[in-house]
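**Q** Please find the sequence and the predicted model below.
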Protein chains: 2
Amino acid sequence: MSWIEPEVTKKPRRPMFLCVLSNTKTAHIPKLSAAGKTAELTDYTPAGDAELMDTGNIISVPVLPMTPPYDTPTPAIMTRSALKLTDAPYNFINSGLIVTPEVPCIDLKAKPGEDIRKPVAVYDVQGVYERAKFLGKRLRNQVDHVVIGESIPGGTTTAMGVLMALGYNGNVSSSADENPLKLKKQVIEEGLKASGLTFGCLKDDPMKAIACMGDPMMPAVIGLVAGFQSTDVSIVLAGGTQMAAVYALIKHLGFNTEKLAIATTRYVVEDKSANFIELTRILGVPAVYVADPGFGKSELKGLHRYETGTIKEGAGAGGAMYLAGLYGISQDEFRSEVENVCKLLKAGH
Amino acid sequence: MSWIEPEVTKKPRRPMFLCVLSNTKTAHIPKLSAAGKTAELTDYTPAGDAELMDTGNIISVPVLPMTPPYDTPTPAIMTRSALKLTDAPYNFINSGLIVTPEVPCIDLKAKPGEDIRKPVAVYDVQGVYERAKFLGKRLRNQVDHVVIGESIPGGTTTAMGVLMALGYNGNVSSSADENPLKLKKQVIEEGLKASGLTFGCLKDDPMKAIACMGDPMMPAVIGLVAGFQSTDVSIVLAGGTQMAAVYALIKHLGFNTEKLAIATTRYVVEDKSANFIELTRILGVPAVYVADPGFGKSELKGLHRYETGTIKEGAGAGGAMYLAGLYGISQDEFRSEVENVCKLLKAGH
């Protein structure tokens, strides 16, 4: 649980960072997601994250993705910093966005996710999966180490919903100051009921678990992983409990998980209301990388909020930091770049 | 004008093939485009080309892109062969498709092009250009040699329209047995009139030339080139007269063209009704690569039609062959793979 400093020799020959951008209307439930100033503004968060990661600022979205009440900046600032420091190749994937960014995305033709309290949460799970698999196959020749992040407000609730359907008790992390766990559980109860599901009843049908309780980010990531099966490409799922849920889905699909790992931030791991580490142990995740940007040492107050639990992870921030580590970038260098990114953000807005 | 056999040492360290997929309603004018069985079916041609290039077959489109009367297969078979033989990284770019393929594309959020006889032929030229430029900048770290092809039915007419607006007399090539040059000229006359333009009047405003007379493939390619300006990335525009028109636009924008080249097939170069080579000389294109797959030697009759002029180029076929040449692949190896691709196509359909 410390900042990872892998040897520079571990630097991958051909790495790539991918970020899957999605929306689910589950995020419109008041007080559920804090990844935006209001429930409706969370529609813009993945697009804003992508613009920020690509250009260092937002272009088309009305406000920066900030988490109230202290306007903590989106974790995409970390991803931006890692991409800038490493010059690693990257791509964004649109898998069900309500609002698309002004920067180019690979389109999987997915519809936005519905409120999981409706009978169908994700349309055309198989189609999205197949298109993502094509993409994974296409990327086989370009990469040997892939870090896959996500940006989807409301995604921890859908993650918890899928885990429940698969038979795991996943108390999930949150980007809210006080994790609204009770509200999330209530929403998931209603969702299970609306789909006629019980705890663990879909352990043999993970695709249905996505369709009933999940979000459109999930078939995209799983399809990518499917496209890399039977190759030497190693994959790091970059995220907290959401990527644990994705890992669970992959495992229940019967895929080979030897080349999979999860990377996240220290803030997810230390979230006392969640049980990330226990969950990864139960799931048998081969490797968990925990990245610590040391924001407590920062001069910027917005970053301190990460230490005290306002937001914890997103936009593949933990995995991006892990990637920076592979390039030999130290915690101090990384934090310093995040501070630069923050200052430029403020100057622009 | 022979099959290029560059030295293997010239093999680029990090090549990439990009294919811009677009539609223009100009292709709906009867008998103008032969890139599909009927004028309406040309809507499906770029999507079918992408599916074929990525998977070796069509998935979602109703019919294979074939050119009547002899069902000559789309030049995308050549591109498919080159990508398969080389394992070169590639991506497809959706810049104004009416029909999207089932394989993933990078989306530039462009609208399909209108009939050039309307006052506006391409909407939001600047926006498409800017988004493509973001993509070019993002790819800077991934590549050092980019081959950019296109698939857009009706594209030779829009190319000719743009060349006229810029002050060039571009008799363009065609995928039809008898190049309907008279019809094309008539359409362009109407188009110039509808936009209040005269020959050469937009030589100082290439973006307006696209908006009035062009198609949505053009701002995408130009934006990509803009994103690579001031880098060591060398760019091969893969196509015939269409890419000559793109080159003209780039030149009139005042970009540095030192690192640009055009690659096309022998069939374009030998088209007596067009003036490709003369045009590239007038434009001062630094290098023109001419690829010859030697289809006259093939056992497949559909391929013979390339020698006799049915179709000549498309989906970056000439540039893809050029790329295969850089990997040390011989003409015989290439033609043999094209034959394999054709046989698999027939088996599937």
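**A** Arrived safely, thanks for sending. Numbers count the residues shown, from 1 in each chain, chains lettered A, B, ... in the order given.

**Q** use CA for all of it now, contacts and neighbours both
**A** Noted.

**Q** What residues does chain A have near chain B?
**A** Residues of chain A lying near chain B by Cα under 8 Å from any Cα of the partner chain: A:54, A:87-90, A:102-108, A:131-132, A:134-135, A:138-139, A:141-142.

**Q** Let's see that with 10 Å instead.
**A** Within chain A, the positions near chain B by Cα under 10 Å from any Cα of the partner chain are A:14, A:16, A:51, A:54-55, A:86-94, A:100-109, A:127-128, A:130-143.

**Q** List buried residues within those.
**A** A:16, A:51, A:54, A:86-94, A:100-109, A:127-128, A:130-140, A:142-143 (16 or more other Cα atoms under 10 Å in any protein chain shown).

**Q** worst-scoring helix or strand of chain A, pLDDT-wise?
**A** Here the helix or strand of chain A ranked lowest by mean pLDDT, DSSP states H and E is strand A:66-67, holding a mean of 69.

**Q** low-scoring stretches of chain A, by residue?
**A** A:1-12, A:67-71, A:172-179, A:346-349 (pLDDT under 70).

**Q** Which residue does it have closest to chain B?
**A** residue A:106 (3.9 Å; Cα to the nearest Cα).

**Q** which SS state does that residue fall under?
**A** strand (DSSP: H, G, I helix; E, B strand; the rest coil).

**Q** Skip the chain neighbours and tell me the closest residue to it.
**A** residue B:106 (3.9 Å; Cα to Cα, 6 or more residues apart in numbering or on different chains).

**Q** Quick check: bridge partners of that neighbour?
**A** residue A:106, residue B:93 (DSSP bridges).

**Q** where does the residue nearest the centre of chain A land in three-state SS?
**A** Geometric centre of chain A, nearest residue: residue A:150, 3.1 Å, by Cα atoms, centre = their mean. Here residue A:150 is recorded as strand under three-state DSSP.

**Q** OK, contacts around it?
**A** A:18-22, A:46, A:49, A:92-93, A:217-218, A:221, A:237-239, A:242-243, A:313-317 (Cα atoms under 10 Å, 6 or more residues apart in numbering or on different chains).

**Q** from these, which ones fall inside helices?
**A** Secondary structure from DSSP state H places A:46, A:49, A:217-218, A:221, A:242-243, A:317 of these in helices.

**Q** can you put these in a markdown table and add distance to residue A:169 and neighbour count?
**A** As requested, the ones in helices among the contacts of residue A:150 are exported to a markdown table (distance: Cα to Cα, whole Å; neighbours: other Cα atoms under 10 Å in any protein chain shown):
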| residue | distance to residue A:169 | neighbour count |
| --- | --- | --- |
| A:46 | 27 | 33 |
| A:49 | 30 | 30 |
| A:217 | 21 | 33 |
| A:218 | 18 | 32 |
| A:221 | 22 | 29 |
| A:242 | 13 | 29 |
| A:243 | 15 | 28 |
| A:317 | 25 | 30 |
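
**Q** Serialize those residues to TSV and add fields for distance to residue B:248.
**A** Compiled in TSV, the ones in helices among the contacts of residue A:150 are given as follows (distance: Cα to Cα, whole Å):
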residue	distance to residue B:248
A:46	38
A:49	36
A:217	42
A:218	45
A:221	42
A:242	49
A:243	48
A:317	43
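
**Q** ok, so of the residues you listed, who is nearest residue B:303?
**A** Among the ones in helices among the contacts of residue A:150, residue A:221 lies closest to residue B:303 (Cα to Cα), at 40.0 Å.

**Q** was I right about the closest one contacting residue A:92?
**A** No. Applying Cα atoms under 10 Å as the test, residue A:221 and residue A:92 come out as separate, 11.9 Å apart.

**Q** Overlap of the contact sets of those two?
**A** A:18-20, A:148-150.

**Q** among these, who's most crowded?
**A** The residue in the shared contacts of residue A:221 and residue A:92 with the most neighbours, by other Cα atoms under 10 Å in any protein chain shown, is residue A:149 (31 neighbours).

**Q** Let me see the ranges of the helices in chain A.
**A** Under DSSP H, chain A gives helices at A:45-55, A:76-86, A:125-139, A:155-166, A:181-194, A:206-213, A:217-228, A:241-252, A:266-269, A:276-283, A:301-308, A:317-326, A:331-348.

**Q** could you redo the ones you listed as a markdown table and give each row distance to residue B:262?
**A** Below are those laid out as a markdown table (distance: least, Cα to Cα, whole Å):
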| stretch | distance to residue B:262 |
| --- | --- |
| helix A:45-55 | 30 |
| helix A:76-86 | 32 |
| helix A:125-139 | 25 |
| helix A:155-166 | 46 |
| helix A:181-194 | 56 |
| helix A:206-213 | 46 |
| helix A:217-228 | 33 |
| helix A:241-252 | 45 |
| helix A:266-269 | 51 |
| helix A:276-283 | 53 |
| helix A:301-308 | 50 |
| helix A:317-326 | 37 |
| helix A:331-348 | 39 |
